[in-house]
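*Asks:* let's see this in three dimensions:
(chains A and B)
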Protein chains: 2
Amino acid sequence: MVMVNTLVIVGVGLIGGSVAAAVRERGLARTIVGVGRHLATLERANQLGLIDEVASDPATAYPRADMVIVCTPVQSIAEQVLEAAGYVSPHCVLTDAGSTKQAIVERIEAGLPADRLFVGSHPMAGSEKRGPEHAHARLFEGRLVVVTPTPKTDPEAVQRVCEFWQAVGAKTRLMSPEEHDRAVARTSHVPHLVAAALAGSLPKELHYMTATGFRDTTRIAAGDPELWTAILLQNCESVLDGLASVEEYLRRFRAALNDHDAAALQDLLLEAKRLRDALGS
Amino acid sequence: MVMVNTLVIVGVGLIGGSVAAAVRERGLARTIVGVGRHLATLERANQLGLIDEVASDPATAYPRADMVIVCTPVQSIAEQVLEAAGYVSPHCVLTDAGSTKQAIVERIEAGLPADRLFVGSHPMAGSEKRGPEHAHARLFEGRLVVVTPTPKTDPEAVQRVCEFWQAVGAKTRLMSPEEHDRAVARTSHVPHLVAAALAGSLPKELHYMTATGFRDTTRIAAGDPELWTAILLQNCESVLDGLASVEEYLRRFRAALNDHDAAALQDLLLEAKRLRDALGS
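*Replies:* Numbering: from 1, shown residues only, chains lettered A, B, ... in the order given. Next up is the predicted model:
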């Protein structure tokens, strides 16, 4: 059962806390150590029983680690991985859980010592909530984790990272960082902008008229603005491309409405329904 | 408990069936009669125990009715109300459950005999599902029903319709048909277009990359294309106005991304989050 003697999790919020909970429930690590800048969050994670230790000094934690998973906001992942790389042993594998990959992986590969192992990951799970209080052991069950090796990545490290995510219940898929970022722009980042545009443009006096449809459609707009600003800026080009596709679809709706063209309108709605039905509930 | 001796429901699908279920659960009517063009749907509603009788000939049902609720797709509501008005007694109140009001109420008022009572209603409840199989007695509980009298509407009839919807658990609010249509354009019709644009523009090869966020955001795009085409065309002008507001918000996102303006991006996301948080889950 034990895959890792000492697992270090950097940033024990919703994602890091859920990794800890999943690892503990399945007995995959002997010791889970929490590292991070927010001592209060780490202490809460400790009190919640998610981690075994809080390492206030990373220099004491990293040298023992067999695996380090950096679950901080995207703008600090590269820095945290490179800091850890300065302490860990050569057999330790470093990974992350960031929602963007290209900028992060590039920065890390540019600074990583030659004998250190890093593989980028993105578990496609989460919620608009934050903090270790919302962590749960089944967050990754049945979900997809994209693992993003490059030509510089050690194949055995890729294998270890994939096996780790599979052990917490996820499916894994290999993709280049660039391919990953183009895909999540369409499936996650542009939907976030669109949900935010719907929510942000609704006049206050109409709040009471919203029903479940509006709430479903805008739910993700409750995500943390600071986290999302960093994600969107790190994936700016692909987000702009994806946004253009949605805007083009909206222009086709506008044209059909302007022309009172029922057939064109129904075709657009049918195309959308077919895709949506294929995704399941 | 009994408010209505004979209730006639025209169109016993999700909404009509849920009205029937709610009325039956609370014992609000002695007899519930189903009328409609789709005999198979009416027979299913009857087998499900939602209604007491299927009236294959409306001429036998309407004269007995104390209340008639037309729950058909928006494009046939006016016609069905006017047909019923030809048979009902002067004390019977006619209402509907259509998602648009202005076009429907105008057509009905233009054709309604002077001694017949009609009041427009829109229960803000439903789902992307269809058919009496998905009906449930609590669909209206805590939901808003907009009731849309005009200067021509009998005040006592307005009162009876409001009391009826309150009796099935809803809150009611009076609004003019025009005001209603402008509001639902923003809270329901434009969100439908936006969800459809997101779903319809996603390349097929990225389906497997979607997670709960994408599925929540696009859920309503699974709605019936024929029903939605009619709704959107009946509320065309207000939908185009509302769409322009969302497109403007998206343009502000685009500008902030193009300029790599983190502060502007975060402000837009924060404005959207504040509104979304205010709506609750």
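
*Asks:* same question for stretch A:181-198, mean pLDDT?
*Replies:* The pLDDT scores in stretch A:181-198 average 97.

*Asks:* got it, and stretch A:4-12?
*Replies:* Averaging pLDDT along stretch A:4-12 gives 97.

*Asks:* cool, and stretch A:46-64?
*Replies:* For stretch A:46-64, mean pLDDT is 93.

*Asks:* contacts for the host helix or strand of A:Thr41, please.
*Replies:* If you go by DSSP states H and E, A:Thr41 is part of helix A:39-47. Here helix A:39-47 makes contact (Cβ atoms under 8 Å, 6 or more residues apart in numbering or on different chains) with A:11-13, A:16-17, A:20, A:34-36, A:51, A:53-54, A:56, A:131-133, A:135. Quick note: C-beta positions are derived from backbone N, CA and C, even for glycine.

*Asks:* and if we set it to 6 Å?
*Replies:* With contact meaning Cβ atoms under 6 Å, 6 or more residues apart in numbering or on different chains, helix A:39-47 is reached by A:Val12, A:Gly17, A:Gly34, A:Gly36, A:Ile51, A:Val54, A:Pro132.

*Asks:* secondary structure class for the second one?
*Replies:* Assigned state for A:Gly17: helix (three-state reduction, DSSP: H, G, I helix; E, B strand; the rest coil).

*Asks:* in this structure it contacts A:Ala135, no?
*Replies:* Yes. Contact criterion Cβ atoms under 6 Å: A:Gly17 and A:Ala135 qualify, at 2.9 Å.

*Asks:* comparing these two, which residue is more hemmed in?
*Replies:* A:Gly17 (28 against 22; other Cβ atoms under 10 Å in any protein chain shown).

*Asks:* separation between the closest residue to A:Gln80 other than its chain neighbours and chain B?
*Replies:* Nearest residue to A:Gln80, sequence neighbours excluded (Cβ to Cβ, 6 or more residues apart in numbering or on different chains): A:Val70, at 4.7 Å. Between A:Val70 and chain B the computed distance is 21 Å (Cβ to the nearest Cβ, to the nearest Å).

*Asks:* mind checking what helix or strand follows the helix holding A:Thr41 in sequence?
*Replies:* strand A:53-54.

*Asks:* excluding covalently adjacent residues, which one is nearest to A:Gln75?
*Replies:* Leaving aside its sequence neighbours, A:Gln75 sits nearest to A:Ala230 (Cβ to Cβ, 6+ apart; 4.2 Å).

*Asks:* who's in contact with the one you found?
*Replies:* So A:Ala230 contacts A:Pro73, A:Val74, A:Gln75 (Cβ under 6 Å, 6+ apart).

*Asks:* which single residue of the stretch 1-150 of chain A ends up nearest chain B?
*Replies:* Residue nearest to chain B within the stretch 1-150 of chain A: A:Met124 (4.6 Å; Cβ to the nearest Cβ).

*Asks:* phi, psi for that residue please.
*Replies:* Per-residue torsions, A:Met124: phi -90, psi 70 (degrees, to the nearest 10).

*Asks:* contact residues of the stretch 51-200 of chain A facing chain B?
*Replies:* Within the stretch 51-200 of chain A, the positions lying close to chain B (Cβ under 6 Å from any Cβ of the partner chain) are A:124, A:183, A:186-188, A:191, A:193-200.

*Asks:* redo those as CSV? Include neighbour count and secondary structure.
*Replies:* Formatted as CSV, those follow (neighbours: other Cβ atoms under 10 Å in any protein chain shown; DSSP: H, G, I helix; E, B strand; the rest coil):
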residue, neighbour count, secondary structure
A:Met124, 24, coil
A:Ala183, 22, helix
A:Arg186, 24, helix
A:Thr187, 22, helix
A:Ser188, 25, helix
A:Pro191, 30, helix
A:Leu193, 27, helix
A:Val194, 30, helix
A:Ala195, 28, helix
A:Ala196, 29, helix
A:Ala197, 26, helix
A:Leu198, 28, helix
A:Ala199, 30, helix
A:Gly200, 24, helix
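
*Asks:* buried ones in stretch A:141-155, by neighbour count?
*Replies:* Using 16 or more other Cβ atoms under 10 Å in any protein chain shown as the test for burial, stretch A:141-155 gives A:Arg143, A:Leu144, A:Val145, A:Val146, A:Val147, A:Thr148, A:Pro149, A:Thr150, A:Thr153.

*Asks:* correction: stretch A:171-191
*Replies:* Buried residues in stretch A:171-191 (16+ other Cβ under 10 Å): A:171-172, A:175-177, A:180-191.

*Asks:* with stretch A:154-171 instead?
*Replies:* Under the neighbour-count criterion of 16+ other Cβ under 10 Å, stretch A:154-171 has A:Ala157, A:Val158, A:Arg160, A:Val161, A:Cys162, A:Phe164, A:Trp165, A:Ala167, A:Val168, A:Gly169, A:Ala170, A:Lys171 buried.

*Asks:* quick check, the fourth one in contact with A:Val119.
*Replies:* Yes. With contact defined as Cβ under 6 Å, A:Val161 counts as touching A:Val119 (4.5 Å).

*Asks:* so A:Ala272 lies in a strand, does it not?
*Replies:* No. Secondary structure assignment (three-state DSSP) places A:Ala272 in helix, not in a strand.

*Asks:* which residues in chain A form strands?
*Replies:* A:4-10, A:29-35, A:53-54, A:67-70, A:93-96, A:117-123, A:144-148, A:171-174 (DSSP state E).
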